[in-house]
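**Q** fold the following, please.
(chains A and B)
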2 protein chains.
Amino acid sequence: MTFSYQLHRTDQRARRGTFHTPRGAVETPCFMPVGTRATVKGVFPRDLKEMGATMVLANTFHLHLRPGEELIERLGELHQFMQYDGPILTDSGGFQVFSLSDLRKISEDGVAFRSPVDGSPCFISPEISMKIQRALGSNVVMAFDECPNHEMTGTELRASTDMTLRWLERCLSVVLKPHQTIFPIVQGGMDGNLRIDSAQRTVQLVPHAAGFAVGGLAVGESRDVTYKMLEISLGELPTDRPRYMMGVGTPEDLVWAVDHGIDLFDCVLPTRNARNARVFAPGGALNLRNAVHKEDAAPIMEGCDCHACATGFSRSYIHHLHKTKEMLGGMLCSIHNLRYLIRLCEQMRESIQAGTWEEWRTKFFQTNPHVPADPKVPAIE
Amino acid sequence: MTFSYQLHRTDQRARRGTFHTPRGAVETPCFMPVGTRATVKGVFPRDLKEMGATMVLANTFHLHLRPGEELIERLGELHQFMQYDGPILTDSGGFQVFSLSDLRKISEDGVAFRSPVDGSPCFISPEISMKIQRALGSNVVMAFDECPNHEMTGTELRASTDMTLRWLERCLSVVLKPHQTIFPIVQGGMDGNLRIDSAQRTVQLVPHAAGFAVGGLAVGESRDVTYKMLEISLGELPTDRPRYMMGVGTPEDLVWAVDHGIDLFDCVLPTRNARNARVFAPGGALNLRNAVHKEDAAPIMEGCDCHACATGFSRSYIHHLHKTKEMLGGMLCSIHNLRYLIRLCEQMRESIQAGTWEEWRTKFFQTNPHVPADPKVPAIE
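**A** Got it, this is the predicted structure:
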């Protein structure tokens, strides 16, 4: 019941590794599909397996509200509840409560908020978040942090970053189950010095953490700032543990993140976009609701091995499904988008292993000319 | 490219046969899942195959409105469009246009109506329905009939029944594709003499039809009337062709219908109920949204071999999915309900083949005491 990380090879800053968990190995770089309420929206667990998903994410905040962590624990924890036998990561709920903005009040103790389900008063502290995640039985438990607004600066940002570190200590005081481990989260907003400070003090607090996360990025700031902050944060983190960039993203985000030395990512984008008929494709996402796809017999993407494309469902059919609000439209697009990112990770792993990262990366941006190869360069609009 | 029917065995009035189509064999009795807009709602075509579905139904009226039959024909007809390689039956659109009530005007020529999509004026006649179905490329094409209100009587009902027969002649004037055949529909409302007349004249008009349907039943009348009318209609139809009861239904309806000598049925009930968390189970349907299921670790039905039950998804989890409006709730319940009816048909086929229909039927009603073994007996409420 232990966690370990093998770093097989690095190529430039890109890393190829294996994160071992009590629920199996996670080959990295790895994209984790998001199953907010213990279900990756519109996707059967067996279809997640088929598309090559390993670790999936579930959401502490949402599951605490409904159906409640006690119920899930009684029913055999998350794996049994959602019938997913691979590794599961739960986020701490921090990001969601902070997103409630007007409905919440932050103090040193924790965050008081009104339930968006029934308006009842709720409270989550670092200890409570840990206890919820302990009950849920996820394998990777995320520390309860404060995710500052990307415009926060100065003493306010310093105070927030410090509080996240004090909260981390409180998180560490809660004993988890043997099949669980905690990932601390580096914060520091868009201030490089605070990022360094946060990362260094985080490593001091949890030198033997099974993995480290970089949080508070891709929350509204410009992309050049995102990757500058990522770079600074990673510079202070151990290289012999997996590094997780929270909340990305797009295909290009995955490539940029790997290029900076990231191993894990998650995002709701592939499934949320899918339900709105937006699908990943080389050269940029397509919106299959657009009239241009009405009579298009082609699959979403030629050569794609996802169930939707490989079976031969046409863009025309998927257009029809979305226009008539048929569930199958979102189901097919979700499978495509998730498989697209998972396959991208497979390709990145292969190229790093083969020592051809630079060539692969160059080729990726050649086939995706709508995005710059360097995230610090403005996008071509 | 021909259609034929082999009647393997009868046991009392129940029949075990094989309906051969250019898209493969349909073992009867057979329940046909409904894919109104060229998709069985919330179910992948491959999962239909896995659960043992053979023939599925699609809807002429809805597909005519969106995306239009010309588009579907250009994209390789329905089979290619929806990626279902088994036999497909299309209903004629008659039932849907009559259901529009205030929005439609019936004349000898056909039915004028306003599109429920955009309010534009539309018109469907027997010839137009045939041409739409020809373009769709379904294997079994249903005649365009008038489905009278179950309260219609006297000269009005006689006129409607006669018009359906004149419309059948007009349907027959349209040449279909080689992989298609037409099933005429017996009407006659709730008038036994008209039912006999309709059936006899239908057989006279199309003595070599590949199959015959009984329509206008289960449209609001009491169940004893439904089965009296079915019995009368079937008495006049050939026994060497499949007989299709349109629009049923519940597990008990399937058993009653088979007991009367029916071979094919269809209904939206299993998938519509599924999306509302209502699932079939011995002893009567369950509503998994009810609080009693909130902590229930049991599967929908012990021993069920559907993907939802066999995987071990609990009632508690499915309750949670429906309460939080997650797509997976409807997806799992749809698979269960469809498999429930398909398995019921498998069991009925086995018992008829084995000459044990009476025993099987008796046992079915013992395990489903909420419904009477004889549909002409009032239900125990």
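**Q** my guess is A:Ala53 meets A:Gly86, correct?
**A** Yes. Checked against C-beta atoms under 8 Å, the pair A:Ala53 and A:Gly86 is within contact range at 7.1 Å. Where you see a C-beta, it was placed from the backbone N, CA and C, and this is true even at glycine.
**Q** so if I had to pick from those two, which one is more boxed in?
**A** Neighbours per residue, other C-beta atoms under 10 Å in any protein chain shown: of A:Ala53 and A:Gly86, the larger number sits with A:Ala53, 24 against 18.
**Q** now for A:Leu176: which residues touch it?
**A** A:130, A:133-134, A:141, A:182 (C-beta atoms under 8 Å, 6 or more residues apart in numbering or on different chains).
**Q** if we use 10 Å, what do you get?
**A** Residues touching A:Leu176, when contacts are defined by C-beta atoms under 10 Å, 6 or more residues apart in numbering or on different chains, comprise A:130-131, A:133-134, A:137-139, A:141, A:182.
**Q** among the residues you listed, which two are most distant?
**A** Every pair in those was compared (C-beta to C-beta); the two farthest apart turn out to be A:Lys131 and A:Asn139, at 16.4 Å.
**Q** what's the distance between whatever residue of the stretch 101-250 of chain A ends up closest to chain B and A:Leu65?
**A** For the stretch 101-250 of chain A and chain B, the shortest gap (C-beta to the nearest C-beta) falls at A:Val117, measuring 9.0 Å. To A:Leu65, A:Val117 is 5 Å away according to C-beta to C-beta, to the nearest Å.
**Q** shared neighbours, the two?
**A** In terms of C-beta under 10 Å, 6+ apart, A:Val117 and A:Leu65 are both contacted by the residues B:Thr324.
**Q** higher neighbour count, these two?
**A** Between A:Val117 and A:Leu65, counted using other C-beta under 10 Å, A:Leu65 has the larger neighbour count: 19 against 12.
**Q** can I assume that one is in contact with A:Ser120?
**A** Yes. Counting by C-beta atoms under 10 Å, A:Leu65 touches A:Ser120, with 9.3 Å between them.
**Q** list the beta-bridge partners for the nearest residue to A:Val40 once chain neighbours are set aside.
**A** Nearest non-adjacent residue to A:Val40, counting by C-beta to C-beta, 6 or more residues apart in numbering or on different chains: A:Pro33, 4.8 Å away. With DSSP bridges as the criterion, the beta-bridge partners of A:Pro33 are A:Cys267.
**Q** so A:Cys267 makes contact with A:Ala218?
**A** Yes. Distance between A:Cys267 and A:Ala218: 8.5 Å, which falls inside the contact criterion (C-beta under 10 Å).
**Q** okay, and the common contacts of the two?
**A** Counting by C-beta under 10 Å, 6+ apart, the common neighbours of A:Cys267 and A:Ala218 are A:245-250, A:253.
**Q** mind picking the two most distant members of the residues you listed?
**A** Every pair in the shared contacts of A:Cys267 and A:Ala218 was compared (C-beta to C-beta); the two farthest apart turn out to be A:Met246 and A:Thr250, at 14.5 Å.
**Q** please report how far the spatially most central residue of chain A lies from A:Val377.
**A** For chain A, the residue whose C-alpha lies nearest the mean C-alpha position (C-alpha atoms, centre = their mean) is A:Asp266; its distance is 1.6 Å. Per C-beta to C-beta, A:Asp266 is found 26 Å from A:Val377.
**Q** can you check A:Ser99 too?
**A** Here the criterion is C-beta to C-beta. By it, A:Ser99 lies 30 Å from A:Val377.
**Q** also A:Pro67?
**A** According to C-beta to C-beta, A:Pro67 stands 46 Å off from A:Val377.
**Q** neighbour-wise, which of those two wins?
**A** Relative neighbour count places A:Pro67 above the other of A:Pro67 and A:Val377, with 23 against 11, counting by other C-beta under 10 Å.
**Q** per-residue confidence for the residue nearest to that one when sequence neighbours are not counted?
**A** Setting aside the residues directly before and after it, A:Pro67 is nearest to B:His320 in space (C-beta to C-beta, 6+ apart), at 4.5 Å. B:His320 is assigned 98 on the pLDDT scale.
**Q** can you map out the strands along the stretch 151-300 of chain A?
**A** Assigned strands in the stretch 151-300 of chain A, in chain order: A:181-183, A:185-186, A:212-214, A:243-245, A:264-267, A:278-279, A:286-287 (criterion: DSSP state E, counting those that start in this stretch).
**Q** who's more crowded, A:Lys131 and A:Asn139?
**A** Ranked by neighbour count (other C-beta under 10 Å), A:Lys131 and A:Asn139 place A:Asn139 first, with 25 against 16.
**Q** may I have the phi/psi pair for A:Gly17?
**A** phi -150, psi -180 (degrees, to the nearest 10).
**Q** hmm, it is touching A:Arg9, no?
**A** Yes. When contacts are counted by C-beta under 10 Å, A:Gly17 is listed as touching A:Arg9 (8.3 Å).
**Q** between those two, which one's more packed in?
**A** Looking at A:Gly17 and A:Arg9 with other C-beta under 10 Å, you find the greater number of neighbours at A:Gly17, namely 24 against 14.
**Q** name the helices or strands packed onto the helix or strand harbouring A:Phe81?
**A** When elements are defined using DSSP states H and E, A:Phe81 is found to belong to helix A:77-82. Contact here means 3 or more C-beta pairs under 10 Å, 6 or more residues apart in numbering or on different chains; DSSP states H and E; on that basis helix A:77-82 packs against strand A:56-59, helix A:60-65, helix A:69-74, strand A:88-91, helix A:126-136, helix B:315-323.
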